[in-house]
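> Pasting a predicted model and its sequence here:
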Amino acid sequence: MSQATIKPAAIRKTFTLRAAPERAFQVFTAGFGGWWPRTHYVGPSPLTGAVIEPREGGRWYGEHEDGVERLWGDVLTWDPPRRVVLAWRLNAEFAYDPDLLTEVDVRFTALDSGETRVDFEHRGLERFGDSEAAVRTLTMMDGGWDLILGNFKTATGE
């Protein structure tokens, strides 16, 4: 008897910022190192900064106290100020895996009020597999993104 694999749902978040899309996009991308939580990093050395390179094919990575840049993935779509899609190439143990691809898709939509609606989606989570580590990671990711996006909101002045 085979066991059916449950496909985890994408993590989706939608919220409104009191900022124009240009500012929201700029804070999310160029300001990334200022709001990404220092508690969320890979490898043995503490995080000192985080970078999203501003182009398709660019990298996104952490900068660490030991001087090492540790990759998290790459930029799949760069469409300022409307959208950025990042390849999340961290596995269920939060180690870089160049063969793994989940996607973080962030869209910035101008509203008539001068505000911006942000639509966030982390998809392809079934690619983590169904190991114990994958189940543990998937269980905590939704709350993790709440914390991370809360920092982003604060950085835009919310």
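That came in fine, so what should we check first? These figures come from a predicted structure and were not determined experimentally. Numbering: from 1, shown residues only.
> any idea which helix or strand carries the most centrally placed residue in the chain?
When the chain is reduced to its mean C-alpha position, the closest residue under CA atoms, centre = their mean turns out to be residue 104, at 5.2 Å. In the assignment (DSSP states H and E), residue 104 maps to strand 102-110.
> Tell me, how many residues neighbour the residue nearest to the residue nearest to the centre of the chain when sequence neighbours are not counted?
Nearest non-adjacent residue to residue 104, counting by CB to CB, 6 or more residues apart in numbering: residue 86, 4.3 Å away. Placement of C-beta: from N, CA and C, glycine included. By other CB atoms under 10 Å, the residues close to residue 86 number 23.
> cool, residue 54 as well?
13.
> Find me the pLDDT at it, would you?
Looking at residue 54, its pLDDT is 98.
> Enumerate every residue touching it.
Contacts for residue 54 (CB atoms under 8 Å, 6 or more residues apart in numbering) come out as 29, 30, 75, 78, 80.
> What residues of the helix or strand of the chain with the lowest mean pLDDT count as buried?
Lowest by mean pLDDT, DSSP states H and E among the helices and strands of the chain is helix 132-155, with a mean of 94. Neighbour-count burial for helix 132-155 flags 134, 137, 138, 141, 145, 148, 149, 152, 153, 155 (criterion: 16 or more other CB atoms under 10 Å).
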